[in-house]
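Engineer: 3D model of this:
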Amino acid sequence: MSPSTRISSWIGTIVGDRDRYRITEHIGGGGMGDVFLAVDTILGQDVAIKLLKERLANKGNLKKRFEREVLLCAGIKSENVVQVRDYGLTNKGYPYYIMEYLQGQTLGRVLRREKRVSLERTIYIINQICNGLQFAHQGVSMWDSEVGRSEVVQVVHRDLKPANIFLMPTSMGELVKILDFGIAKISGRFDDEESDATNTGTFIGTFQYASPEQLEAIKDIDGRADIYSLGMIMYEMISGHDPFGFDAAGKKDSSGMRWVRAHSIQAPIPLRDQPGSESLPPALEAIVMRCLEKDRNDRFASVNDLMTALRTSLEHRIDDATVARSMIMPPYPQSPIANVTNSAPQYGRESRELVDREQRTEATPETQEITPQRLPDQTKAHLEQLMLSHVGPIATILIKKAIARSTTIKDLVEHLVHNLPDGHRAKFRSQVNALLKNTHDDTEPGTRPQYTNLTSALSSESRHSSAPLSGITQIDQAFLSKCEAELAHFIGPMAKLIVQNANRKLMPQDFVESIARRIPSPTHADQFRQRMLGEIQ
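Structural biologist: Here you go, the predicted model:
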């Protein structure tokens, strides 16, 4: 049976417990598996299903690696890594797993079409890749069925390339997803379960983006191999060329030996020597070139160090307009499915009304008396924190734009609701109405802010006190610089924008809390609070 016939034979097949998943369309594939679009018949949702290729199903080592990929993706708790939802065997015994269905396109397709992307968009995408890799590199908890306990293992992706970076359009900009951990390197006991190819010193990966140590097939590679691959990707995104001039010379090498020699002994072309990259900040060029060092000891020690260096390298001011430009995506392919081989017609995202009339919240007498521009600073701060819980750091920009475009509170609410996922809208409306009602109550003579219903979710009663803890009582530039430096350790280049747009009229401890809430990791948020509150006291 030919490969195309085998693939076609899966269309219409139902797999999973309770006949849950119905396969409807083939949407891609790789060396180990084929990916199909399927329908979750219980939830009524589109999902993606990856099936191990039939010819590999009886190879025990590859079947183990496929199962290991499932455990890895399920264990990496990052929104920047494709999420796995289910795993099982077909009636014929072929393993499969269910993933979230991603609509958008790969970075590889973007680069083939556009050749290069803007500096702002590059930083925006790379920062998200680093966030996802950080979760993998720092350790993933994987269940070891043989010993009956979990083991924390460090994971190296080992096949980072534009084709494995997926870009999803959202109302807040592009959401980046790292794909395909099928050949990832894992530390600990799980390392012994890798294929015979790995243990006998055979190269695994993609020649064009592989690190020198991968090409040498050494066993103790670490996260710095992924940093080299990131350097290759960044170089291509910024300049439109590879670092060794192969694309400019029109050189093709199906065997990969030209790439092997280049990665091993050939010096990369300085990034600013590439046409169109002459005005690149020297510090940024140095970062990319450091990622491409042959000796891994000369590269950044971690992706966190790389993110910090990217932040400090930007010589231009990261303001609202810059970030907004980085979030504006070019027209996407007409089909929502990423097709990495064919060119599809282009179109802009369809415009739509802010909210259907029947979904609009009727303004109460209280909210009609307040205009968006007259909202108290404290209310704006709470509104910003409320939006943060739904959309993340972009909340500040969305609120500023919504206030500027709104003439009534009703308009403000609808502008903000438009930026939320459908499942968040009802809760957000309820929370905002409670907040605005309390704001109106506070405008009556002789009253003080109550913020009932909202303070329990956003802040403690002590944060409404006007009395400072001790030490500094106002926010100056030194304090802002310290906040930015500390925040950058945890979230990277976005720190500058977040600090610039934070409400400086708050008391220092409230200011710190408003920023801490933007840090995704609760542990990191607590560390940030402790460090900054130490500056206040």
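Engineer: Any idea which helix or strand in the chain has the lowest mean pLDDT?
Structural biologist: strand 346-347 (a mean of 28; mean pLDDT, DSSP states H and E).
Engineer: And for residue 177, nearest residue in space, chain neighbours not counted?
Structural biologist: Closest residue to residue 177 apart from its sequence neighbours, by Cβ to Cβ, 6 or more residues apart in numbering: residue 166 at 4.3 Å. Glycine gets a C-beta too; all of them are placed from N, C-alpha and C.
Engineer: Tell me which other helices or strands the helix or strand the one you found falls within touches.
Structural biologist: Element membership for residue 166, per DSSP states H and E: strand 165-170. The elements that strand 165-170 packs onto, with contact taken as 3 or more Cβ pairs under 8 Å, 6 or more residues apart in numbering; DSSP states H and E, are strand 105-106, helix 107-114, helix 119-138, strand 173-178.
Engineer: hmm, try it at 7 Å
Structural biologist: Counting by 3 or more Cβ pairs under 7 Å, 6 or more residues apart in numbering; DSSP states H and E, the packing neighbours recorded for strand 165-170 are strand 105-106, helix 107-114, strand 173-178.
Engineer: Can you convert the ones you listed into CSV and add a column each for mean neighbour count?
Structural biologist: Listed next are the helices and strands packed on strand 165-170 as CSV, based on neighbours: other Cβ atoms under 10 Å:
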stretch, mean neighbour count
strand 105-106, 24
helix 107-114, 18
strand 173-178, 22
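Engineer: Tabulate these (TSV), appending mean pLDDT and distance to residue 296.
Structural biologist: Formatted as TSV, the helices and strands packed on strand 165-170 follow (pLDDT from 0 to 100; distance: least, Cβ to Cβ, whole Å):
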stretch	mean pLDDT	distance to residue 296
strand 105-106	96	27
helix 107-114	96	24
strand 173-178	91	20
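Engineer: Including distance to residue 498, could these go into JSON lines?
Structural biologist: Formatted as JSON lines, the helices and strands packed on strand 165-170 follow (distance: least, Cβ to Cβ, whole Å):
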{"stretch": "strand 105-106", "distance to residue 498": "28"}
{"stretch": "helix 107-114", "distance to residue 498": "25"}
{"stretch": "strand 173-178", "distance to residue 498": "15"}
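Engineer: Which one, of the ones you listed, ends up nearest to residue 246?
Structural biologist: Among the helices and strands packed on strand 165-170, the nearest to residue 246 by Cβ to Cβ is helix 107-114 (14.7 Å).
Engineer: would you put the C-alpha positions of the closest one in PDB?
Structural biologist: Coordinates of each C-alpha in helix 107-114 appear next as PDB, following Å, rounded to 0.1, in the frame of the first residue of the first chain:
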ATOM      1  CA  LEU A 107       7.500  30.500  11.000                       C
ATOM      2  CA  GLY A 108       9.100  28.500   8.200                       C
ATOM      3  CA  ARG A 109       6.200  29.500   5.900                       C
ATOM      4  CA  VAL A 110       6.400  33.100   7.000                       C
ATOM      5  CA  LEU A 111      10.100  33.200   6.100                       C
ATOM      6  CA  ARG A 112       9.600  31.500   2.700                       C
ATOM      7  CA  ARG A 113       7.000  34.100   1.900                       C
ATOM      8  CA  GLU A 114       8.500  37.300   3.400                       C
END
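Engineer: Quick check: pLDDT value at residue 302.
Structural biologist: Residue 302 carries a pLDDT value of 96.
Engineer: start at 861 instead
Structural biologist: Right, with 861 as the first residue, what we last looked at is residue 1162.
Engineer: where's it relative to residue 1347, distance?
Structural biologist: Look at residue 1162 and residue 1347: by Cβ to Cβ, to the nearest Å, they are 17 Å apart.
Engineer: Residue 1139 - how many residues pack around it?
Structural biologist: 7 (other Cβ atoms under 10 Å).
Engineer: ok, now how distant is it from residue 979?
Structural biologist: Going from residue 1139 to residue 979 by Cβ to Cβ gives 10 Å.
Engineer: shared neighbours, these two?
Structural biologist: Counting by Cβ atoms under 7 Å, 6 or more residues apart in numbering, residue 1139 and residue 979 have no shared contacts at all.
Engineer: how many other residues sit next to the closest residue to residue 1034 other than its chain neighbours?
Structural biologist: Leaving aside its chain neighbours, residue 1034 sits nearest to residue 1027 (4.8 Å; criterion: Cβ to Cβ, 6+ apart). Neighbour count of residue 1027, defined by other Cβ under 10 Å: 23.
Engineer: And residue 1012, by the same measure?
Structural biologist: Residue 1012, neighbours per other Cβ under 10 Å, totals 12.
Engineer: Now do the phi/psi pair for it.
Structural biologist: Dihedral angles of residue 1012 (phi, psi; degrees, to the nearest 10) stand at phi -90, psi 120.
Engineer: Isn't it up against residue 996?
Structural biologist: No: using Cβ atoms under 7 Å, residue 1012 makes no contact with residue 996, being 11.8 Å away.
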